[in-house]
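> Sequence first, then the predicted structure, then my questions.
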Amino acid sequence: MLYRSVFPGDLLSQLERLQRGMRSASELSPSIRGLGRGGYPAINVTGTPQATEIHVFAPGMDPAAIEVQLEKGVLTISGERKPEAPAGDEKVAVHIDERFFGRFRRVVTLPEDADPDGVVARYRDGVLQISVKRKQASQPRRINIQ
Amino acid sequence: MSTSNENHTGQGEALLPAVDVFEDEGGITLFADLPGVPREQLGLHVESDTLTIEGQMSPELAGSGEATHVELSLPRYRRAFTLSRELDVEKVSAAFEHGVLRLRIPKASHARPRKIEVQVG
């Protein structure tokens, strides 16, 4: 499978990718599945004690063509991006060709306390937003002193 | 919906959106990937011979809580292109859907500054 950088010409993000790569290489115990960088689509993950939020930057998709699967704490996002036909199909010259097309698949390992029944996904402005609730038991609780 | 430069982000740091540019006998078609940008935060500007595409992501994409994994670290995009003389910037049409911008710039004779209307669909 061929993966291409989302923003291939962006020096800043390339530098950051490099920095992160160095940082993760020096990590003592990275996740066994890691979270491969530079693949398509780009993913941001944020978390609160109540939920984990995953943003998948996959523009121009039919939401029905994106598959989101959760199995044993591993979230898989896959689909296929089909190329649009440029206007006028005869004698078309391609000057710049950077956008990703084809099948993609990315995997995110969720926290152990992720609730498989508390997953909500929606697609908006070309971003798939997946919210995964964390189980009640693991949320911080205030303990009353008697 | 019209776009304006109210949200003009100036020269701050921005992501470079991936684009495809095709040319046929009638003109140029440009596609740009701007995931996370709502229609009202998309800005297209033509000034003399420069076309600038700008977009600001919606704030909710920053997520809540602590960022544990970040691949897109900036909330905005910007990219500029130099247009050639035979392109008619008066007749540029634009569509923006699901974070993908499609611009059509037909060929003609001259160029002068103007704003571009973004149409639904």
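That came through fine.

> Any idea which helix or strand in chain B has the lowest mean pLDDT?
Least confident helix or strand, chain B: strand B:114-115 with a mean of 66, by mean pLDDT, DSSP states H and E.

> In chain B, mark out all the strands, start to finish.
Counting by DSSP state E, the segments of chain B that form strands are B:19-24, B:27-33, B:42-47, B:50-56, B:66-69, B:76-82, B:93-97, B:100-106, B:114-115, B:118-119.

> actually chain A, not the one I typed
Under DSSP E, chain A gives strands at A:42-47, A:51-57, A:66-71, A:74-81, A:93-97, A:102-109, A:114-124, A:127-134.

> so who does the closest residue to chain B within chain A touch?
Nearest residue of chain A to chain B, counting by C-beta to the nearest C-beta: A:Gly126, 2.0 Å away. C-beta here means a position set from N, CA and C on the backbone, and glycine is covered the same way. A:Gly126 sits next to A:57-61, B:33-37, B:98-100 when contact means C-beta atoms under 8 Å, 6 or more residues apart in numbering or on different chains.

> Mind doing that once more with 7 Å?
When contacts are counted by C-beta atoms under 7 Å, 6 or more residues apart in numbering or on different chains, A:Gly126 is found next to A:Ala58, A:Pro59, A:Gly60, B:Pro35, B:Gly36, B:His98, B:Gly99, B:Val100.

> any idea how far the last one lies from chain A?
Put plainly, it is B:Val100. 4 Å (C-beta to the nearest C-beta, to the nearest Å).

> Residues in a beta bridge with that residue, which ones?
When bridges are called by DSSP bridges, B:Val100 pairs up with B:Asp33, B:Glu97.

> Give me the neighbour count for it.
B:Val100 is flanked by 20 other residues according to other C-beta atoms under 10 Å in any protein chain shown.

> try the first one
In terms of burial, A:Ala58 registers 28 neighbours under the definition other C-beta under 10 Å.

> ok, it to A:Glu80 distance?
According to C-beta to C-beta, to the nearest Å, A:Ala58 and A:Glu80 sit 11 Å apart.

> Alongside chain A, which residues does chain B contribute?
B:13, B:15-26, B:29, B:31, B:33-38, B:58, B:61, B:63-73, B:98-100, B:104 (C-beta under 7 Å from any C-beta of the partner chain).

> Just the buried residues of these.
For these, a burial check counting by 16 or more other C-beta atoms under 10 Å in any protein chain shown picks out B:15-24, B:29, B:31, B:33-38, B:61, B:63, B:70-72, B:98-100, B:104.

> and among the strands of chain A, the most buried is which?
Neighbour counts (mean count of other C-beta atoms under 10 Å in any protein chain shown) averaged over each of the strands of chain A peak at strand A:51-57, with a mean of 24.

> Just the residues contacting that one, thanks.
A:6, A:41-46, A:75, A:77, A:108, A:110-111, A:114, A:127-134, B:35-36, B:61, B:63-64, B:72.

> Can you tell me the centre-most residue of chain B?
The residue lying closest to the centre of chain B (C-alpha atoms, centre = their mean) is B:Ile53, at 2.9 Å.

> Could you pull up the contacting residues of the residue most central in space within chain A?
Against the mean C-alpha coordinate of chain A, by C-alpha atoms, centre = their mean, the closest residue is A:Ile43 at 3.0 Å. If you count contacts by C-beta under 7 Å, 6+ apart, A:Ile43 has them with A:Ile54, A:His55, A:Val56, A:Arg106, A:Val108, B:His69, B:Glu71.

> Please name the bridge partners of the first one.
Translated: A:Ile54. Bridge pairing for A:Ile54 (DSSP bridges) gives the partners A:Val45, A:Ile130.

> And it, how close does it get to B:Lys107?
Going from A:Ile54 to B:Lys107 by C-beta to C-beta gives 43 Å.
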